[in-house]
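Asks: I'd like to go over a predicted model; first the sequence, then the structure.
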Amino acid sequence: MSLLLQADTLSVANENLAEAVPVEKTLSIIELLTSGGLAGQIIMTALFLMLFVALYLYFERLMAINEASKIDSSFMGQIRDNIRNGRIDNAKMTCAHSKSPVARLIEKGISRIGKPLDDINTAIENAGKLEIYKLEKNVSMLATISGAGPMTGFLGTVVGMIQAFHKMATAGGQIEVGALSEGIYTAMTTTVVGLVVGLIAYIGYNHLIVKTDKIVHQMEANAVDFLDLLNDPA
C-alpha cells in the first residue's frame, strides 16, 4: 500500500515539475510577420507590395538596359566606310539592323546629312534625350520606394507603440507582458521589413543609374565620332 502511495506521489510530483518547466515556443517567420494584428498586417501588406514592385521594376529595367548596351564593335567602322564611299542608304540599313540607342542616334544624324552641321548636332541631341528617357523609364519609382519603404516601416513602429501604450493605459496597472506583444510585434517587424525594402530599392536604383550612365557615355562618344566624320569625311 505504501509503495502504491509513493508511486502516486512520485507521479504527481513529476506532473507538477513538467508543468513548472517552461516549454520553449518557436516562432516561424510567417507567424512573426502576421503577429502584429490588423494594423500591422495592413502595413506589412503595403510593404510587400512595394517589394514586389521594386523587384519587378529592377529586373525589367535591367534586361532592357542590358539589351540596349549591345552594339557590334565594328558598327562605327561600317558607318564610316559607307559614308566615305557615299553609300548613305547602306549606312541607314546598318543602323536599322542594330536595334540599339547608339544606332538610332547615328541613324538620326545620317538622315540629316546635307543640312548644316548645327542642325545635325541638334537632331542627334534631341534623339539622345529621347533615348535616355526610354532607358530611365520608371527607374524613378525605385527611388520613391527606397524612401517610402522605411517611412512606412516607421509608421508601423509608431502604430505599434500606440497600441502598446493604449493597452497599458487601459489595463489599470494590471498589464501583462503578453498583452503588449501585438503592439511590440507591429513596431519591430514593420521597421525591419521597411528597412529591407528600402535597402533593396536603393541598391537597385543606383545599379540601374550606373548602367544607364555607361550607355549615355557610349552614345556621346559615338555621336562625337559621327560628327567628326562629317567634318572630315576623307
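Replies: Done, it's in. Numbering: from 1, shown residues only.
Asks: may I see the buried residues of the helix or strand harbouring Ile162?
Replies: For Ile162, the element it lies in under DSSP states H and E is helix 139-170. For helix 139-170, the buried set under the neighbour-count rule, 16 or more other Cβ atoms under 10 Å, comprises 139, 141-143, 145-146, 148-150, 152-153, 155-157, 159-160, 163-164, 167. C-beta here means a position set from N, CA and C on the backbone, and glycine is covered the same way.
Asks: could you do stretch 225-234 as well?
Replies: For stretch 225-234, by 16+ other Cβ under 10 Å, it's Phe226, Leu229.
Asks: chain center to that stretch: distance?
Replies: Mean-position distance between stretch 225-234 and its chain equals 41 Å (Cα atoms, centre = their mean, to the nearest Å).
Asks: what's it in contact with?
Replies: Stretch 225-234 is touched from outside by 76, 79-80, 83-84, 105-106, 109, 113, 117, 120-121, 124, with contacts defined as Cβ atoms under 8 Å, 6 or more residues apart in numbering.
Asks: still on that earlier bit, are there helices or strands packed against the helix holding Ile162, and which ones?
Replies: For helix 139-170, the packing partners by 3 or more Cβ pairs under 8 Å, 6 or more residues apart in numbering; DSSP states H and E come out as helix 37-68, helix 181-231.
Asks: quick one: low-confidence ranges for this protein?
Replies: 1-40, 164-186, 233-234 (pLDDT under 70).
Asks: nearest to His97, of the helices and strands packed on helix 139-170?
Replies: Set against His97 and scored by Cβ to Cβ, the helices and strands packed on helix 139-170 come closest in helix 37-68, at 14.9 Å.
Asks: show me what counts as buried in stretch 120-128.
Replies: Buried residues in stretch 120-128 (16+ other Cβ under 10 Å): Ile120, Asn121, Ala123, Ile124, Ala127, Gly128.
Asks: surely the last one and Gln218 touch.
Replies: No: if you go by Cβ atoms under 8 Å, Gly128 and Gln218 don't touch, sitting 10.9 Å apart.
Asks: overlap in contacts of these two?
Replies: Counting by Cβ under 8 Å, 6+ apart, Gly128 and Gln218 have no shared contacts at all.
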